[in-house]
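> This is the structure alone, sequence omitted:
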């Protein structure tokens, strides 16, 4: 059954060496980013044209959508981490030979794949929730330190903006997780899966989107970035979600078929 496959995957995911270290690092980064945002608010830096401008002002931090924008700032980092973890978890089953033992206990491969996939998705979603909770607590503390009013954050508009941003970031991170599962299943080596996944998402897509006009509206990584940002000037949130979901369904489905049909010899 899928619940059993789900629980077996969480046995691996909840190891202290992975769970505590990774979630601890995510919490630490969320705290650091939030502190720096408030500490540097109102400070000016020299822009490309020689002028001086502030990256963010204290007045902007008091707006209803301030927390939502902060959540979006975590998206890229959380996406990269989720891709790496998902790729390593899937590929390690092949590299260390545990997949064969799992298939003895659960010969229905599609059930095993589905349970593993859902488990890794929940692991990534919990990482987003942790980052948002820690970031929010830190933001409230820093707001009092810098004299920023937080009343707009708890208004109906502020809560709606924050929940909307949380949903968008979670959806995007689940997309990155799917890409990691796909790469891990294809390459069957944790190191190769992480390396190829990161190279594709970071330099390859960034270079391609910068050199080929309009390609950012079709590349999966750029679409996920647009989803986490609530849409961009080039593509709306609705369109980005539809295209990203189409990619994820096709990739996850194709990978499931490969997982079911591939021979396991070790």
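Structure received. Because the structure is a prediction, the values reported are computed rather than measured.
> all strands of the stretch 1-150 of the chain, in order?
Listed in chain order, the strands found in the stretch 1-150 of the chain under DSSP state E, counting those that start in this stretch are 44-46, 52-54.
> which residues of the stretch 51-200 of the chain fall in helices?
For the stretch 51-200 of the chain, the helices identified by DSSP state H, counting those that start in this stretch occupy 58-61, 66-95, 98-105, 109-146, 156-187, 190-199, in order along the chain.
> In terms of mean pLDDT, which of the ones you listed ranks lowest?
Here the lowest mean pLDDT among the helices of the stretch 51-200 of the chain goes to helix 98-105, at a mean of 87.
> starting at the chain centroid, how far to stretch 248-263?
Stretch 248-263 has its C-alpha centroid displaced from the chain centroid by 21 Å (Cα atoms, centre = their mean, to the nearest Å).
> quick one: contacts of that stretch?
By Cβ atoms under 8 Å, 6 or more residues apart in numbering, the list of residues contacting stretch 248-263 from outside reads 109-110, 113-114, 117, 174-175, 178-179, 181-182, 185-186, 220. To be clear about C-beta, it is placed using only N, CA and C from the backbone, and glycine gets the same treatment.
> Could you dump those into a markdown table and include neighbour count and distance to residue 130?
Listed next are these as a markdown table, based on neighbours: other Cβ atoms under 10 Å; distance: Cβ to Cβ, whole Å:
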| residue | neighbour count | distance to residue 130 |
| --- | --- | --- |
| 109 | 18 | 32 |
| 110 | 13 | 31 |
| 113 | 23 | 26 |
| 114 | 17 | 25 |
| 117 | 24 | 21 |
| 174 | 22 | 15 |
| 175 | 27 | 19 |
| 178 | 27 | 20 |
| 179 | 24 | 21 |
| 181 | 29 | 21 |
| 182 | 26 | 25 |
| 185 | 25 | 26 |
| 186 | 18 | 29 |
| 220 | 21 | 25 |
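> JSON lines for those, including distance to residue 233?
Formatted as JSON lines, the contacts of stretch 248-263 follow (distance: Cβ to Cβ, whole Å):
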{"residue": "109", "distance to residue 233": "44"}
{"residue": "110", "distance to residue 233": "41"}
{"residue": "113", "distance to residue 233": "38"}
{"residue": "114", "distance to residue 233": "38"}
{"residue": "117", "distance to residue 233": "33"}
{"residue": "174", "distance to residue 233": "25"}
{"residue": "175", "distance to residue 233": "21"}
{"residue": "178", "distance to residue 233": "26"}
{"residue": "179", "distance to residue 233": "24"}
{"residue": "181", "distance to residue 233": "31"}
{"residue": "182", "distance to residue 233": "29"}
{"residue": "185", "distance to residue 233": "35"}
{"residue": "186", "distance to residue 233": "34"}
{"residue": "220", "distance to residue 233": "19"}
